[in-house]
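*Asks:* Need a 3D model of the following:
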Amino acid sequence: MFRAVGLLFLAAAVSRADDVSPQILRQIRLKVSEQLKGAANYSCVQTIDRTYFRPVRYQAFGCEHQPADNKRKEIMHDRLRLDIAVSEGHEIYSWHGGTSFSSAGIADLVHSGPINSGSFVGYLENIFLGSGIRFEYVGETRMNGIDAYQFNYSVPLEASHHEISGKDSNGVPVPFHGSFFANLQTFELVSLQVIVDEVPPDVEICRAEVEMNYGTAKISGHDSLIPQMFSLNIEDASHLTTSSRSEYNECREFRGESTLHFEMTENAEQKADTSLISSRAFLPAGVPLHVRLITPITEASTFTGDPVKGELLDPIHVKGKTNQVIPKGAVLAGIVTRLERRDEPSKHFLYSIEFHRLQFGNESIALNAHPKPSKDSAKQLTTVYGRFPSWLDLEYRSGIFVSLSSKLQIDQHFSSFWETVTAPVEVH
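*Replies:* Numbers count the residues shown, from 1 in each chain. You can find the predicted model right below:
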């Protein structure tokens, strides 16, 4: 008798859930739509912490060869700091020390390691505002300390706007599924989980999972849906697993087009004496720069994407109609474009700095300067690796510095040579 009553109660509960779940889903989708449409343009600082692991024991290449056990060792760690802006329904990015946002994708900015976009707009539009999405009501639960409705969802390939790309492949659309949780009282999104399905073999990614925790913030009088935390876990066909965690803070409104200028770049350009060097002028490729670092760089305090300054140690002769000289002591502004701690074959650091603007007096001139490959870096790389693998040769030629110390501590005594390359663009 007890069992029969229990079954009748369960059937009734399911029936009531079927009755109310469309209304609940409609309210959640409406709330997401309102917050996306009503939100003003805004930007946030995004910090990304990435840790890389490999299986302790050798595993054959390929997604079909799964590790025999879950024992893994940490082999690398890096941190990035970006500015992300939502403008006219699109996500645009810049290094935190950059002078402008760009409409280019995040993969055009971050060239190494797994990276993801869509946490502000892309996933929400695809799942909640798209068509052809399948939903399943799970019930009421608690998520992040909040009473919430839980739904499962599935986005088939034909409805998916989610693209995934490997090291040597362009982005390809993939189906995905997951769960989301919405506040029981307000219908506001609390958490969203994404699991990628059926990745094409040539992408060489075996698993990709995303989890986002959301909150709301008042920006320009509107409730904006802001991801508070974003995690990305990826395993590739070589069984390299990356755990990436992002946090967002300093969210604020901005006004303007897809390009947003920070600091004093515009004022400096307006004040420049165009009879000497136009603010739109730039140093051509092939100009050597001997630079002393002004900004210290440490493992504990520095992120990839942080701004740095340097001081010109030798004057530069600018060829042209005026044949002017950029004096010793001119200040260069740049970005830390790489900062990695690697634990194999032994602990060492790889880092790089690019300079994009040079200022002296009231003058400001653009440039695009990368570190020159040095014999010292080659010697240190040989000490660590014993030889130059193909990937390392490319890294070396693109301009990197190496530190074999147990802790990275680069101070104002550090100096080296940079060289201008192609015509510069605004730092993205």
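*Asks:* Could you check how far residue 301 is from residue 334?
*Replies:* Distance, residue 301 to residue 334, using Cβ to Cβ, to the nearest Å: 17 Å. For the C-beta atoms, the positions are set from N, CA and C on the backbone; glycine is no exception.
*Asks:* So the residue nearest the centre of the chain: helix, strand or coil?
*Replies:* Closest residue to the average C-alpha location of the chain: residue 115 at 5.2 Å, with Cα atoms, centre = their mean. For residue 115, the assignment made with DSSP: H, G, I helix; E, B strand; the rest coil gives coil.
*Asks:* Would you confirm that it contacts residue 93?
*Replies:* No. The pair residue 115 / residue 93 is not scored as a contact, 9.7 Å apart, by Cβ atoms under 8 Å.
*Asks:* What count of nearby residues applies to residue 81?
*Replies:* 18 (other Cβ atoms under 10 Å).
*Asks:* Apologies, that question was intended for residue 244.
*Replies:* With other Cβ under 10 Å as criterion, residue 244 counts 21.
*Asks:* separation between it and residue 80?
*Replies:* 9 Å.
*Asks:* Equivalent analysis for residue 228, please.
*Replies:* 18 Å.
*Asks:* Look at these two and report which has more neighbours.
*Replies:* residue 80 (24 against 16).
*Asks:* Now do the helix or strand where the more buried one lies: which elements does it pack against?
*Replies:* Assigned by DSSP states H and E, residue 80 belongs to strand 72-87. Applying 3 or more Cβ pairs under 8 Å, 6 or more residues apart in numbering; DSSP states H and E, one finds that strand 72-87 contacts strand 42-55, strand 90-95, strand 331-342.
*Asks:* circling back to that earlier point, tell me, what's touching residue 244 and residue 80 both at once?
*Replies:* 48, 50 (Cβ atoms under 8 Å, 6 or more residues apart in numbering).
*Asks:* Tell me where this structure has helices.
*Replies:* Counting by DSSP state H, the chain has helices at residues 2-38, 122-124, 265-271, 375-385, 390-398.
*Asks:* worst average pLDDT in these?
*Replies:* Of all the helices of the chain, mean pLDDT reaches its minimum on helix 265-271 (a mean of 36).
*Asks:* Do a quick rundown of the strands in the stretch 151-300 of the chain.
*Replies:* 163-164, 172-173, 176-183, 189-196, 205-219, 222-236, 241-253, 288-293, 297-298 (DSSP state E, counting those that start in this stretch).
*Asks:* Which strands or helices does the first one pack on?
*Replies:* For strand 163-164, the elements it packs on are strand 172-173, judged by 3+ Cβ pairs under 8 Å, 6+ apart.
*Asks:* Within its sheet, name the partner strands of the strand it packs on and how each one runs.
*Replies:* Paired neighbours of strand 172-173 in the sheet (DSSP bridges): strand 163-164 (antiparallel).
*Asks:* distance between the partner strand and the chain's centre?
*Replies:* Chain-centre distance of strand 163-164: 15 Å, with Cα atoms, centre = their mean, to the nearest Å.
*Asks:* Number of residues surrounding the nearest residue to residue 331 once chain neighbours are set aside?
*Replies:* In this structure, residue 331 finds its nearest non-sequential neighbour in residue 359, 5.2 Å apart by Cβ to Cβ, 6 or more residues apart in numbering. For residue 359, the neighbour count with other Cβ under 10 Å is 18.
*Asks:* and what of residue 290?
*Replies:* Neighbour tally, residue 290, other Cβ under 10 Å: 16.
*Asks:* Give me the pLDDT value at it.
*Replies:* Per the predicted model, pLDDT is 97 at residue 290.
*Asks:* Kindly report the same for the one 5 residues further on.
*Replies:* Here, the pLDDT recorded for residue 295 equals 97.
*Asks:* and if you look at residue 323?
*Replies:* Value for residue 323, per-residue pLDDT: 70.
*Asks:* Surely it and residue 317 touch.
*Replies:* Yes. Contact criterion Cβ under 8 Å: residue 323 and residue 317 qualify, at 7.1 Å.
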